[in-house]
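*Asks:* the following comprises the amino acid sequence and a computationally predicted model.
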Amino acid sequence: MQELGRMLWFDPRLSRSGFISCNSCHNLSTGGVDNLKTSVGDYWQQGPINSPTVLNAEHQVAQFWDGRASTLEEQAGGPITNSKEMGATHELAVTVIDSIPGYKPYFRKAFGTDEVTFDRITASIGAFEKTLVTPDYPFARYMKGDRNSISEQQIRGWETFKKYRCVTCHSGPNYGGKSFQKMGAVKDYETTNPSLGRADFTKRDRDRMFFKVPILLNIELTYPYFHDGAVSSLPEAVKIMGELQLERSFSPEQIADIVAWLKSLTGKQPEIVLPKLPPNGPLTPIAEPWQKSN
């Protein structure tokens, strides 16, 4: 199933345009993100929110910034059918993949039959995503007893991070992703992004500006930061977090130490071999990326 998921992950034919793949917005060559404020979607539309990393995404309280998907499999289907993202439908995605003869053996191996369903597509992509982990980062080795794996500055940064209770939210194996917190706990966050956070999903006013806490693993790779992608600098992100969440102005030295520690969370990146995708079959619909839908 993971092999099938890897193929589908890179296959742009899952999109209406035949141009956008899962990897377009979650590029595995750049930390599982596209390094844009918000992603480019169908008809060159601007996406509504910053694309979070897919690396180490499994062990989170939920998926998406607002937590509207509870599993990776459920999350995988969202962008495919979002009109501002991949722009397809359940029916179109199934029709296209089902029409490609070269996919049949992979579905048969993964599920016992070669039937193509949307649930099987998303299950396969989710299975592949679960392999996208980044172990063996320097701080992990430090916590296992290797005191030479990180620098003195990084140790100071970790101590500062703990001292000011940043670990209250950025905890667990991914240093985040375990809870929803208000962006602007002690001071309002000013943004032009229309997202209301978890309130967009729950429709409860008390959830306004509550977002899933981002994971910190590989954080130096996953800029720009915050749900609106407004900040491209890691030191600036640390500074703003101190002010908005802790009501604290970190000194330049403290910021430098924390940033140094954050860089010790960059792990070994997945070594992904690009799959050889099967060619269209005689009945495969030909994508017309510039044709407007009725």
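*Replies:* Yep, it's here. Please read all numbers here as calculations on a predicted model, not as lab measurements.
*Asks:* the closest residue in space to Val186 that isn't next to it in sequence - how many residues pack around it?
*Replies:* Excluding the flanking residues, the one nearest Val186 by C-beta to C-beta, 6 or more residues apart in numbering is Glu247, at 4.2 Å. Glycine gets a C-beta too; all of them are placed from N, C-alpha and C. Residues within reach of Glu247, counting by other C-beta atoms under 10 Å, total 10.
*Asks:* show me where the chain dips below the pLDDT cut-off.
*Replies:* Counting by pLDDT under 70, the chain shows low-confidence ranges at 293-294.
*Asks:* which residues does whichever strand or helix holds Glu253 contact?
*Replies:* Using DSSP states H and E, Glu253 maps to helix 252-263. Contacting residues not belonging to helix 252-263 are listed as 139, 150-151, 153-158, 160-161, 216, 219-220, 234-235, 238-239, 242, 250 [C-beta atoms under 8 Å, 6 or more residues apart in numbering].
*Asks:* can you point out the buried residues in that helix?
*Replies:* Neighbour-count burial for helix 252-263, with 16 or more other C-beta atoms under 10 Å as criterion, is recorded at Gln254, Ile255, Ala256, Asp257, Ile258, Val259, Ala260, Trp261, Leu262, Lys263.
*Asks:* and the residue lying closest to Phe111 once chain neighbours are set aside, how many neighbours?
*Replies:* Leaving aside its chain neighbours, Phe111 sits nearest to Arg120 (5.7 Å; criterion: C-beta to C-beta, 6+ apart). Neighbour count of Arg120, defined by other C-beta under 10 Å: 19.
*Asks:* in a strand, Arg120, correct?
*Replies:* No - Arg120 sits outside any strand when classified using DSSP: H, G, I helix; E, B strand; the rest coil, being helix.
*Asks:* which stretches of the stretch 101-250 of the chain form helices?
*Replies:* 104-111, 118-129, 138-143, 152-163, 199-202, 234-246 (DSSP state H, counting those that start in this stretch).
*Asks:* tell me which of these sits most buried.
*Replies:* helix 118-129 (a mean of 22; mean count of other C-beta atoms under 10 Å).
*Asks:* just the residues contacting that helix, thanks.
*Replies:* Residues outside helix 118-129 that contact it (C-beta under 8 Å, 6+ apart): 1-2, 4-6, 8-9, 14, 22, 54, 57-58, 71-77, 80, 90, 93-94, 97, 107, 110-111.
*Asks:* and the residues you listed, which of them are buried?
*Replies:* So, by 16+ other C-beta under 10 Å, the buried ones in these are 1, 4-6, 8-9, 14, 22, 54, 57-58, 72-77, 80, 93-94, 97, 107, 110-111.
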